[in-house]
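K.L.:
Build the 3D model from these lines:
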Amino acid sequence: MAATVLLPLAVMLLGVWEQERAAADWADLDAERLHLTRIVQDLEAREPRDGRIDYRMQFRRNGQTYGGPLALVQARAARDETATLTLLMDWRRTLPPVVIAAGGIAAALSVLVLLAGAVLGWMGRASRDVLVGGFSLVRRLLPPILAIQVLLTAGGFVAAVIFEAGILARPGLGSGEIKLLMIAAVAVGAVLVTAGATVLGLRRALAAFEPDPLPILGRTVSPAEAPGLWRLTEGLAERLGALKPEAVVVGLTGGFFVSAGPAVVEPGGERLTGRILYLPLPYLALMRGDEVAAIIGHELAHYAGGDTAYSQRFLPIYAGVGRSLDAVAEGHAGSFGLLTPSLRLGAFVMERFHLAVRHWSRAREFAADAAGAGPTSADAAARALLRTGAVQPRIAEILDAAAEKPGSAPADLVAAILDHVIARGLDDPAAHLEAEQPHPTDTHPPTRERIAALGRTLDAELLAAAAIVPPPHALGQLAAYFADPAGLCRTATADFRGAVEEHDAAVRAHLEATAAAIGTEERVLRENSRPGAIVLAVTGLLFASFALGLVTLGFPGLSAWEARLVAWVALACGAALAGFGLFRLWRGERTTMILRPEALAIPGLDRPIPWDDMADLDMTLQQTGIVTRLLLPPEAPFPQLVPGGRKIRLDPKRRIVTIRAGLPRKMTLQDFADLIGRYRHAAEARRVLAEAGSSPARSTPDARAT
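P.N.:
Predicted coordinates for the structure are as follows:
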């Protein structure tokens, strides 16, 4: 409320205050204009008609008193100046209503979105159709509403700044007033640019969303290849009144899940659409038949409840609101906090939607658990929940080891997992009672709550049954599902190893390309001081030319002595500026950094700083150039200052090296940061390749479960 409603209301109140001040300023100036008009009329009436000078005619202005004809000249000038300022203040009176309208409408929009988000979130808990329909409307309306609010906020800020700057627009501006006007101009420009970029980003947020195909590492199995599995699945679907899967995929990674969207099965690249059931082979081998049936029944119940189709419907909503938030967040940093209301509004809508989705996700998980227990028993469903948590760490240990060294992995990882489980036993199921399965958009209820919802008491007998180690012949139960279980397990193992090797090859290629992006030659960066030196030299010549003109032609209003004095001062300034500029041109551009493949060398430090020794690095652009700060870890040698360096500050206590220098020629701050980043990334890539013996660290392929 403070960020989305009170802040725009504060802007509106600022406009009200400015409106009162604007009226008062205009009234004061108009009264002064009328007063000066009467003075001019009086002086004109008193001016002698015979051309004589009457020094009794006097007018005081800017601390000086003028007499005779000058009094009338100065009075007319003061009247005209006041008339101009009166017109300026009259135009300035139009700005506060803009500030008031911008703040008021922005606050009203905030209230509207807050109420709509809260109401839709509350109504969405009663009906999933209402949830999807309501937030689908929000997805379409939120980007333009946020865009309007961004434009209103920017417009109100610009109007307020111009109003305040208008009071400075008087003749005889001092250096302080000029600086304030420049700051106001920069602030206005920055806000307008940020607002424009944000609105363009919000326009892109309205683009259509097409979900990427779900990648699955596995193999599709036909009814001929898995007759027992298909009979079990179809029988459960009939008993539950659920739709049958159109494809069954088995693999080594992840857990049981169903999908109703597009998917691509690797390594073959087979594309699937429609209802897909994924089953992990290790779980099929390590779990009892009734436990497997309870889990498959649970997954098929998602089809019966329309959960998969529902998920496909709200994915575009998440994408649209998320892209709107991203667009506002990108401009937030450079908006002086003016985009805070829009950012908070988007976050509030996303939170309301997420909580409603989470409510239905948990409710549907409990319903799917109950449905899965129907064809089997509550005991089997509870054991299945506990046993999946107890089995998963052992499966991960074998798969992680195989991913680390795929070349030496066994030919049948399912058999290796069974041997590992027999040797080590299962995890304690009680340690996984609070576990929640991660999901792209929701979270499953903890295992303890799901067992309680099944009506099964969580006792020692149930925990002991879930922790029983499978017998050595457990692998044989796969024959009840597949025509050739051994061949299928070997094929799945080969697919897994191939995926790991392909992933490693891609990582290795990326590291090698990153390392090769930086050549072996060092790159010298120099300050771009030549333009500044030329400006100094040209400015000095202009001062000298001005001095010469004063001596030759004189200057109206100055005596000969005063003109010579001003000329000497101008000549001295010109000589100093030109001399300094010519000296900088003669000296050339100074080296600020030397980029080497292995380290960063800085003139003035006794040793280069290896890229691998930099714990952190940040850059800031200031008026005098760029400030680069390097943070070194405690174990890295800390450099010392030597002659030849400049604008370097060392902080041994905090282990920070600060370098101040101008930007290199033809480089922006982003160009400079990208260049430094390439050298750092190349050094890191070489280090990773060297540590791995030109073979990067491996990881298990992504596993998905639901």
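K.L.:
Hmm, residue 638 and residue 652 touching each other?
P.N.:
Yes - counting by Cβ atoms under 8 Å, residue 652 touches residue 638, with 5.5 Å between them. C-betas here are computed from N, CA, C, even on glycine.
K.L.:
So for the two, which residue has more residues nearby?
P.N.:
Applying other Cβ atoms under 10 Å to residue 652 and residue 638 shows that residue 638 carries more neighbours, namely 16 against 11.
K.L.:
distance of the more buried one from residue 653?
P.N.:
10 Å (Cβ to Cβ, to the nearest Å).
K.L.:
Which residue, other than its chain neighbours, is closest to residue 11?
P.N.:
Distances taken as Cβ to Cβ, 6 or more residues apart in numbering place residue 103 nearest to residue 11, at 3.4 Å, with adjacent residues excluded.
K.L.:
Give the burial count for that neighbour, as a bare number.
P.N.:
25.
K.L.:
Output the contacting helices and strands for the one helix or strand it maps to.
P.N.:
Taking DSSP states H and E as the definition, residue 103 sits inside helix 95-124. In this structure, helix 95-124 packs against helix 7-46, helix 128-166, helix 340-373, with contacts taken as 3 or more Cβ pairs under 8 Å, 6 or more residues apart in numbering; DSSP states H and E.
K.L.:
And the next helix or strand after the last one, what's buried?
P.N.:
Put plainly, it is helix 340-373. For helix 340-373, the succeeding helix or strand toward the C-terminus, using DSSP H and E, is helix 378-404. Neighbour-count burial for helix 378-404 flags 378-392, 394-395, 398-399, 401-403 (criterion: 16 or more other Cβ atoms under 10 Å).
K.L.:
quick one: the helix or strand just after helix 378-404 to helix 378-404, angle?
P.N.:
The helix or strand immediately downstream of helix 378-404 is helix 413-424, counting by DSSP H and E. On the basis of axes from the mean of the first three to the mean of the last three Cα atoms, to 10 degrees, helix 413-424 is oriented at 110 degrees to helix 378-404.
K.L.:
can you tell me the average pLDDT over helix 413-424?
P.N.:
Helix 413-424 shows a mean pLDDT of 94 in the predicted model.
K.L.:
Stretch 630-650 too?
P.N.:
86.
K.L.:
sorry, back to before: just tell me which of the helices and strands packed on helix 95-124 ends up closest to residue 578.
P.N.:
helix 128-166 (35.6 Å; Cβ to Cβ).
K.L.:
list the buried ones in that closest one?
P.N.:
Of the residues in helix 128-166, 128, 131-132, 134-135, 138-139, 142-143, 145-166 count as buried by neighbour count, 16+ other Cβ under 10 Å.
K.L.:
which strands and helices sit next to it?
P.N.:
helix 7-46, helix 69-92, helix 95-124, helix 175-205, helix 307-332, helix 340-373.
K.L.:
Which phi and psi values does residue 67 adopt?
P.N.:
Note on residue 67: its backbone torsions stand at phi -120, psi 160 [degrees, to the nearest 10].
K.L.:
So the residue nearest to it when sequence neighbours are not counted: helix, strand or coil?
P.N.:
Among residues not flanking residue 67 along the chain, residue 55 sits closest, at 4.4 Å (Cβ to Cβ, 6+ apart). What DSSP: H, G, I helix; E, B strand; the rest coil gives for residue 55 is coil.
K.L.:
Can you get me a residue count around residue 55?
P.N.:
10.
K.L.:
pretty sure it is touching residue 68, no?
P.N.:
Yes - using Cβ under 8 Å, residue 55 is in contact with residue 68, at 5.1 Å.
K.L.:
what residues do these two have in common as contacts?
P.N.:
Residues touching both residue 55 and residue 68 (Cβ atoms under 8 Å, 6 or more residues apart in numbering): there are none.
K.L.:
could the helices and strands packed on helix 128-166 be laid out in CSV, adding mean pLDDT?
P.N.:
As requested, these are exported to CSV (pLDDT from 0 to 100):
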stretch, mean pLDDT
helix 7-46, 87
helix 69-92, 83
helix 95-124, 87
helix 175-205, 73
helix 307-332, 64
helix 340-373, 79
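K.L.:
Looking at those, spot the one closest to residue 613.
P.N.:
helix 307-332 (32.5 Å).
K.L.:
For the helix or strand where residue 568 lies, name the packing helices and strands.
P.N.:
In the assignment (DSSP H and E), residue 568 maps to helix 560-587. Applying 3+ Cβ pairs under 8 Å, 6+ apart, we find helix 560-587 packed against helix 530-553.
K.L.:
buried stuff in the helix it packs on?
P.N.:
Quick answer for helix 530-553 (16+ other Cβ under 10 Å): 533, 536, 537, 540, 543, 544, 546, 547, 550, 551.
K.L.:
Single out whichever of those residues has the smallest pLDDT.
P.N.:
residue 550 (66).
K.L.:
tell me the domain ranges of the protein?
P.N.:
2-205, 214-304+377-508, 529-587, 590-691 (automatic domain parsing).
K.L.:
what mean pLDDT would you report for the strand or helix carrying residue 236?
P.N.:
Element membership for residue 236, per DSSP H and E: helix 227-240. For helix 227-240, mean pLDDT is 93.
K.L.:
now what about the very next helix or strand once past it, what contacts it?
P.N.:
Per DSSP H and E, the first helix or strand lying C-terminal to helix 227-240 is strand 247-251. Strand 247-251 is contacted from outside by 216-221, 226, 229-230, 233, 265, 272, 274-281, 284, 488, 492, 495-496, using Cβ under 8 Å, 6+ apart.
K.L.:
ok, back up a step: would you quantify the distance from the residue nearest to residue 11 to residue 31?
P.N.:
Separation of residue 103 from residue 31 (Cβ to Cβ): 31 Å.
K.L.:
next one: phi and psi at residue 265?
P.N.:
Torsion angles, degrees, to the nearest 10, at residue 265: phi -100, psi 120.
K.L.:
doesn't residue 213 make contact with it?
P.N.:
No - Residue 265 lies out of contact with residue 213 (Cβ under 8 Å); the separation is 9.6 Å.
K.L.:
the more surrounded of these two?
P.N.:
More neighbours surround residue 265 than the other of residue 265 and residue 213, with 23 against 15 (other Cβ under 10 Å).
K.L.:
Distance of the residue nearest to the more buried one when sequence neighbours are not counted relative to residue 76?
P.N.:
What sits nearest to residue 265 in space, not counting adjacent residues and going by Cβ to Cβ, 6+ apart, is residue 216, at 5.1 Å. Noted for residue 216: a distance of 88 Å to residue 76, by Cβ to Cβ.
K.L.:
Compare the two and say which is more crowded by neighbours.
P.N.:
The residue with more neighbours, out of residue 216 and residue 76, is residue 216; 25 against 17, by other Cβ under 10 Å.
K.L.:
Can I take it that the more buried one is in a strand?
P.N.:
Yes - per three-state DSSP, residue 216 lies within a strand segment.
K.L.:
Who are the contact partners of it?
P.N.:
Counted by Cβ under 8 Å, 6+ apart, residue 216 has contacts 249, 251, 263, 264, 265, 266, 276, 278, 704.
K.L.:
Buried subset of the residues you listed as a PyMOL selection?
P.N.:
The following PyMOL line selects those of these that are buried, judged by 16+ other Cβ under 10 Å:
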select buried, resi 249+251+263+265+266+276+278+704
